[in-house]
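**Q** Just need the structure, nothing else, for what follows:
(one chain, ligands or ions: 1)
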Amino acid sequence: MLQLDEKLEAIFGEVVRRNAGETEFHQAVREVLESLGRVVAKRPDFTADALIERICEPERQIIFRVPWVDDRGNVQINRGFRVQFNSALGPYKGGIRFHPSVNVGIIKFLGFEQTFKNALTGMPIGGGKGGSDFNPRGRSNGEIMRFCQSFMTELYRHLGEYTDVPAGDIGVGGREIGYMFGQYKRLTNRFEAGVFTGKGLLYGGSRARTEATGYGNTYFVQAMLATRGRSFEGRKCVVSGSGNVAIYTMEKIREFGGTIVACSDSNGYIVDEKGIDLDLVKEIKEVRRARISEYHRLKGTGTHYIEKGSIWDVACEVAMPSATQNEISGRDARELVKNGVVAVGEGANMPSTPEAVRVFREAGVLFAPGKAANAGGVATSALEMQQNASRDSWTFEQTETRLATIMRGIHDTCAATAEEYGAPGDYVLGANIAGFVRVAESMRALGVI
Ligand code: GLU
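**A** Below is the predicted model:
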């Protein structure tokens, strides 16, 4: 851990005391505070009026019971969350996660990250996040629908196109968003398309939203590689995960001339040195909703499936962690550096542990933190909101062009901010400071709120 100055250390101490046991939230706050030392030194006005303390405190936290009936007629209980973190720049915006690991600390860390990420996009969106400890694995379509309907029966009263606009995240894709939007529509008797993003194209969704997070991360890494006169062409890449973010990261890398040699799910990882067959991964994950081990079973020779183990043991030049938080440990990072990694782009939220980030930075690896690199998803959500507000629907090309421009903009903002604060090439510092300054300036203009 980096040393914080006295004032920031006191703020962090209070966050830990008031949010006891929420380790991921502490981790996310600590990382931002470590970047703020340079801001505070240059702009002491930012420490006035408890501005930093207010940014670390969510505006509203909603926790609720989600009862539902499974296929066997048993009543099940889950817990639902929505943390409305910050609305200084626009309505709360951020996804909903369904995963057994979800608790208030996880949702708070995600909402905190989202606030700065959304600020970096330059779009008018605040930060929020929601979810449930519901485990969708192995659940029937009917169970998923009943769960989504029960979840929304409580959450709907807290949402609105000008209030709070959810989307998907781990365990929540097009199907779940459809069920939640359907229940919202029924309860409110309003076809309020702008209340959800990630919707299906038939009822107000945006083209390129599904692809946006993965494509965006790849655009960001492309821009980062270009600063050293490099590109994806001919490079070996590893992308962890095999969900929405991972699949479209692989698609764009392939378009840029890179070769993906491994991807994974929570059970294990597959290696295919000839290059992962993306159509097969899509078929396995999107159509059959099966495990990634199927890949090896179907392809056979020349491929490997390694149960458990670490995908980061596979040698590569570009690593794109796109699974979940803290998936790259310090050990993994050292292994990647030893094997010659030159760039890391975080597709997931906070996938590198603080130790891993330190290892990458010390080794001079180009490192794109999630709150900048994976902002393409939420930026395209903001484009979906724009289309809904104007009752319009853009072409794929038009939407992707906007996404590419936004990603280049985020890259350049992070690079310029890092330079301005005396740490050229440090994208962590650049992203944290640029995001913070936008939110803080807006909060100050709105008074003590
Ligand atoms: N869950 C995504 C994220 O982490 C997308 C959020 C959104 O589109 O609102 O940014």
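**Q** where are the low-confidence patches of the protein?
**A** Scanning the chain for pLDDT under 70 picks out no residues.
**Q** The longest strand belonging to it vs the ligand: in contact?
**A** When the chain is parsed with DSSP state E, its longest strand is strand 75-86. No: Strand 75-86 lies out of reach of the ligand by C-beta under 6 Å from any ligand atom, never closer than 12.4 Å. From N, CA and C alone the C-beta is placed, and that goes for glycine too.
**Q** give me the number of residues near residue 35?
**A** By the criterion of other C-beta atoms under 10 Å, residue 35 has 24 neighbours.
**Q** One more: residue 255?
**A** Counted with other C-beta under 10 Å, the neighbours of residue 255 add up to 11.
**Q** partners of the longest strand of the chain in the sheet?
**A** In the sheet, strand 75-86 lines up against strand 60-69 (antiparallel), strand 127-132 (antiparallel) (DSSP bridges).
**Q** what would the ones you listed look like in a markdown table with mean neighbour count and distance to the ligand?
**A** A markdown table is the format used below for the strands paired with strand 75-86 (neighbours: other C-beta atoms under 10 Å; distance: least, C-beta to the nearest ligand atom, whole Å):
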| stretch | mean neighbour count | distance to the ligand |
| --- | --- | --- |
| strand 60-69 | 15 | 17 |
| strand 127-132 | 30 | 8 |
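**Q** I'd like those strands laid out as a markdown table, including distance to residue 331.
**A** Shown next, in a markdown table, are these (distance: least, C-beta to C-beta, whole Å):
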| stretch | distance to residue 331 |
| --- | --- |
| strand 60-69 | 35 |
| strand 127-132 | 29 |
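**Q** how about the residues of the stretch 1-150 of the chain that lie near the ligand?
**A** So the stretch 1-150 of the chain meets the ligand at 93, 94, 95 (C-beta under 6 Å from any ligand atom).
**Q** would residue 312 count as being in a helix?
**A** Yes: assessed by DSSP: H, G, I helix; E, B strand; the rest coil, residue 312 belongs to a helix.
**Q** that older thread, most surrounded residue in the residues of the stretch 1-150 of the chain next to the ligand?
**A** Within these, most neighbours by other C-beta under 10 Å means residue 94, with 31 neighbours.
**Q** Strands of the stretch 251-400 of the chain, start to end?
**A** Here the stretch 251-400 of the chain has its strands, by DSSP state E, counting those that start in this stretch, at 259-265, 268-272, 303-307, 318-320, 343-345, 366-368.
**Q** Direction included, what does the third one pair against?
**A** Taking DSSP bridges as the criterion, strand 303-307 sits next to strand 268-272 (antiparallel) in its sheet.
**Q** and the most centrally placed residue in the chain, what does it touch?
**A** The centroid of the chain falls nearest to residue 349 when counting by C-alpha atoms, centre = their mean (4.2 Å). Neighbouring residues of residue 349 by C-beta atoms under 8 Å, 6 or more residues apart in numbering: 109, 110, 113, 324, 325, 370, 371, 374.
**Q** any idea how far the helix or strand containing residue 165 is from the chain center?
**A** Here residue 165 sits within strand 164-167, counting by DSSP states H and E. Offset of strand 164-167 from its chain centre (C-alpha atoms, centre = their mean, to the nearest Å): 14 Å.
**Q** List the residues that contact residue 388.
**A** Residues near residue 388 by C-beta under 8 Å, 6+ apart: 161, 193, 194, 204.
**Q** packing partners for the strand holding residue 165?
**A** strand 75-86, strand 92-98, strand 127-132, helix 376-389 (3 or more C-beta pairs under 8 Å, 6 or more residues apart in numbering; DSSP states H and E).
**Q** Mind putting the ones you listed into a markdown table with distance to residue 174?
**A** What follows is the helices and strands packed on strand 164-167, written out as a markdown table (distance: least, C-beta to C-beta, whole Å):
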| stretch | distance to residue 174 |
| --- | --- |
| strand 75-86 | 20 |
| strand 92-98 | 13 |
| strand 127-132 | 17 |
| helix 376-389 | 13 |
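**Q** Kindly compare burial across the ones you listed and name the winner.
**A** Across these, the average number of neighbours (mean count of other C-beta atoms under 10 Å) peaks for strand 127-132, which reaches a mean of 30.
**Q** and the stretch 251-400 of the chain, which residues reach the ligand?
**A** So the stretch 251-400 of the chain meets the ligand at 349, 377, 378, 381 (C-beta under 6 Å from any ligand atom).
**Q** From residue 115, how far off is the last one?
**A** Residue 381 sits 15 Å away from residue 115, going by C-beta to C-beta, to the nearest Å.
**Q** Then the first one?
**A** Taken as C-beta to C-beta, the spacing of residue 349 relative to residue 115 amounts to 12 Å.
**Q** now the third one
**A** Distance, residue 378 to residue 115, using C-beta to C-beta: 11 Å.
**Q** these two touch, right, residue 217 and residue 249?
**A** Yes: using C-beta atoms under 8 Å, residue 217 is in contact with residue 249, at 5.6 Å.
**Q** The two: who's more crowded?
**A** Ranked by neighbour count (other C-beta under 10 Å), residue 217 and residue 249 place residue 217 first, with 33 against 30.
**Q** Excluding residues flanking it in the chain, which one is nearest the residue in the chain positioned nearest to the ligand?
**A** Using C-beta to the nearest ligand atom, the single residue of the chain nearest to the ligand is residue 95, 2.7 Å away. Nearest residue to residue 95, sequence neighbours excluded (C-beta to C-beta, 6 or more residues apart in numbering): residue 169, at 3.3 Å.
**Q** Same check on residue 368?
**A** Spatial nearest neighbour of residue 368, chain neighbours left out: residue 345 (4.4 Å); criterion: C-beta to C-beta, 6+ apart.
**Q** can you map out the helices along the stretch 301-449 of the chain?
**A** Listed in chain order, the helices of the stretch 301-449 of the chain (DSSP state H, counting those that start in this stretch) span 330-338, 354-362, 370-373, 376-389, 396-420, 427-445.
**Q** Would you point to the one among the ones you listed that's packed deepest?
**A** Of the helices of the stretch 301-449 of the chain, helix 370-373 is the most buried (mean count of other C-beta under 10 Å), at a mean of 29.
**Q** can I get the CA coordinates of that one in CSV?
**A** The C-alpha trace of helix 370-373 is given here as CSV (Å, rounded to 0.1, in the frame of the first residue of the first chain):
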residue,chain,number,x,y,z
GLY,A,370,-11.2,-0.8,-15.6
LYS,A,371,-12.8,2.5,-14.8
ALA,A,372,-11.3,3.9,-18.0
ALA,A,373,-10.9,0.8,-20.2
